[in-house]
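A.B. asks: how does the following fold in three dimensions:
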Amino acid sequence: MIIGLTFDLQSEYLAEGFTREEVAEFDKEETIFGIEQSLQRLGHTTLRIGSVKRLTERLVKGERWDLVFNICEGVYGIGREAQVPAILDAYRIPYTFSDPLVLSLTLHKGIMKRVVRDMGVATPDFNVISAPSDIVAIAMPFPLFLKPVAEGSGKAISEKSVVHNRKELEEQALHLLESSGQPVLAEEFLPGREFTTGIIGTGDDASALGTIEINYNEHVKTKIYSYDIKNEYEKFVTYIIPDTAMCEQCAELALTVWRGIGGRDAGRVDIRLDKNGKPNFIELNPLAGMNYIHSDLPIIAYRNGLTYDYLMERIIRSATQRS
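C.D. replies: Numbers count the residues shown, from 1 in each chain. Prediction:
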């Protein structure tokens with residue numbers, strides 16, 4: 001099978017003048033190389049396509065592929081992750097991972113939490129701050145956790161993300177509104193253990209790939225899963241497999257959300273325990289990182305005795321069975 005690869009390469013955007021933070025969600029050359037090598041070991045022919053602009057150029061020229069392995073994050077707009085899938089749908093070309101609706105929904109953390117709450121799944125209480133005037137209306141008890149409503153990879157998350165009083169709330173909310181150029185999600189900060197659960201498959205065929213607990217090393221002062229910690233996780237955290245009962249609870253929550261929103265092929269659900277030890281939904285990533293060294297989804301596979309090639313094979317199998 002001929003598989004085209006769509007992606008946003010960090011080095012290309014840096015060369016265009018983007019900052020390191022702006023390209024934090026984009027992929028490194030080693031990620032694309034790792035995907036290519038795995039797909040080729042599985043017997044497929046791979047062709048690099050690149051970003052959404054490169055995709056449109058090549059489609060206009062008449063190029064086609066049996067399947068597109070899509071990890072494009074996009075650059076602008078709340079629908080940026082949905083751009084490549086929408087174009088491929090228009091040309092009736094099959095692709096991996098979720099459709100435009102799911103990718104747009106999950107990118108907006110506030111709207112996604114409303115949907116999850118309607119499913120009856122526990123999630124921290126929250127408000128969306130769209131303008132400075134919204135700050136005064138927040139009446140949730142402190143501490144609160146603040147983050148941009150439509151970012152990933154831990155972007156704009158730091159020790160200042162947890163606020164303990166109204167002064168800190170106002171300062172951080174105003175800072176994020178200005179620096180990110182988008183609304184801010186303010187949610188109850190849960191004090192419990194932190195997990196991430198991998199999902200593989202689609203619909204009734206979906207299953208939990210496994211769950212890992214994010215256990216911060218003793219020297220880490222601020223236990224926040226930020227971009228810096230994710231990028232150099234070996235220095236800051238130890239990933240452990242929790243007990244069977246906790247894995248089952250996380251898997252049940254993750255699969256309920258995954259099937260409820262129509263996630264496809266593979267993804268990852270972040271979960272945290274509240275003060276009573278109950279798992280709560282934090283967010284869902286339907287376009288999870290695929291770096292074979294640093295990304296959480298492959299790490300979940302490794303910690304559960306599975307190989308990167310096994311993960312890739314399951315993703316391709318799921319996508320082709322849907323097509």
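
A.B. asks: what ranges do the strands span in the stretch 1-150 of the chain?
C.D. replies: Under the criterion DSSP state E, counting those that start in this stretch, strands of the stretch 1-150 of the chain are mapped to 2-6, 45-50, 67-70, 126-129, 144-148.

A.B. asks: most tightly packed of those strands?
C.D. replies: Greatest average neighbour count among the strands of the stretch 1-150 of the chain goes to strand 67-70 (a mean of 24), per mean count of other C-beta atoms under 10 Å. Yep, even glycine has a C-beta here, placed from its N, CA and C like the rest.

A.B. asks: which helices and strands does it pack with?
C.D. replies: Under the contact definition 3 or more C-beta pairs under 8 Å, 6 or more residues apart in numbering; DSSP states H and E, strand 67-70 sits against strand 2-6, helix 83-90, helix 308-322.

A.B. asks: mind running it again at 6 Å?
C.D. replies: strand 2-6 (3 or more C-beta pairs under 6 Å, 6 or more residues apart in numbering; DSSP states H and E).

A.B. asks: residue ranges with poor pLDDT in the protein?
C.D. replies: Low-confidence segments of the chain (pLDDT under 70): 153-154, 221-223, 227, 231, 323.

A.B. asks: 90 instead?
C.D. replies: Applying pLDDT under 90 to the chain flags the ranges 18-25, 76-78, 151-160, 180, 216-238, 294, 322-323.

A.B. asks: remind me, longest strand of it?
C.D. replies: In the chain, ranked by residue count with DSSP state E as the criterion, the top strand is strand 207-216.

A.B. asks: starting at the chain centroid, how far to that strand?
C.D. replies: Relative to the mean C-alpha coordinate of its chain, strand 207-216 is positioned 14 Å out (C-alpha atoms, centre = their mean, to the nearest Å).

A.B. asks: mind listing what it pairs with, with the direction of each?
C.D. replies: With DSSP bridges as the test, strand 207-216 is paired with strand 194-200 (antiparallel), strand 237-240 (antiparallel).

A.B. asks: need the ones you listed in CSV (columns: mean neighbour count and distance to Pro85).
C.D. replies: What follows is the strands paired with strand 207-216, written out as CSV (neighbours: other C-beta atoms under 10 Å; distance: least, C-beta to C-beta, whole Å):
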stretch, mean neighbour count, distance to Pro85
strand 194-200, 25, 18
strand 237-240, 14, 30
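
A.B. asks: could you dump those into a markdown table and include distance to His44?
C.D. replies: What follows is those, written out as a markdown table (distance: least, C-beta to C-beta, whole Å):
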| stretch | distance to His44 |
| --- | --- |
| strand 194-200 | 18 |
| strand 237-240 | 30 |
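
A.B. asks: minimum distance to Val269: which of these has it?
C.D. replies: Judged by C-beta to C-beta, the one of the strands paired with strand 207-216 that comes nearest to Val269 is strand 194-200, at 4.9 Å.

A.B. asks: between that closest one and helix 308-322, how many degrees?
C.D. replies: With axes from the mean of the first three to the mean of the last three C-alpha atoms, to 10 degrees as the basis, strand 194-200 and helix 308-322 are set at 50 degrees to each other.

A.B. asks: could you dump strand 194-200 to CSV, C-alpha only?
C.D. replies: Only the C-alpha atoms of strand 194-200 are listed here, as CSV (Å, rounded to 0.1, in the frame of the first residue of the first chain):
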residue,chain,number,x,y,z
GLU,A,194,-2.2,11.9,37.3
PHE,A,195,-2.7,9.3,34.5
THR,A,196,-2.8,9.1,30.7
THR,A,197,-4.6,6.2,29.0
GLY,A,198,-4.0,5.2,25.4
ILE,A,199,-6.8,4.1,23.2
ILE,A,200,-6.5,2.0,20.0
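
A.B. asks: in the longest strand of the chain, what's buried?
C.D. replies: Within strand 207-216, the residues that count as buried by 16 or more other C-beta atoms under 10 Å are Ala208, Leu209, Gly210, Thr211, Ile212, Glu213, Ile214, Tyr216.

A.B. asks: now swap in stretch 286-303 and tell me
C.D. replies: Residues 286-292, 294-303 are the ones in stretch 286-303 that count as buried (16+ other C-beta under 10 Å).

A.B. asks: same check on stretch 116-129?
C.D. replies: By 16+ other C-beta under 10 Å, the buried positions in stretch 116-129 come out as Val116, Val121, Thr123, Pro124, Phe126, Asn127, Val128, Ile129.

A.B. asks: residue contacts, the nearest residue to the fourth one once chain neighbours are set aside?
C.D. replies: Yep, that's Pro124 we're talking about. Once flanking residues are discounted, Pro124 sits nearest to Glu188: 4.0 Å by C-beta to C-beta, 6 or more residues apart in numbering. Going by C-beta atoms under 6 Å, 6 or more residues apart in numbering, Glu188 touches Pro124, Asp125, Met140.
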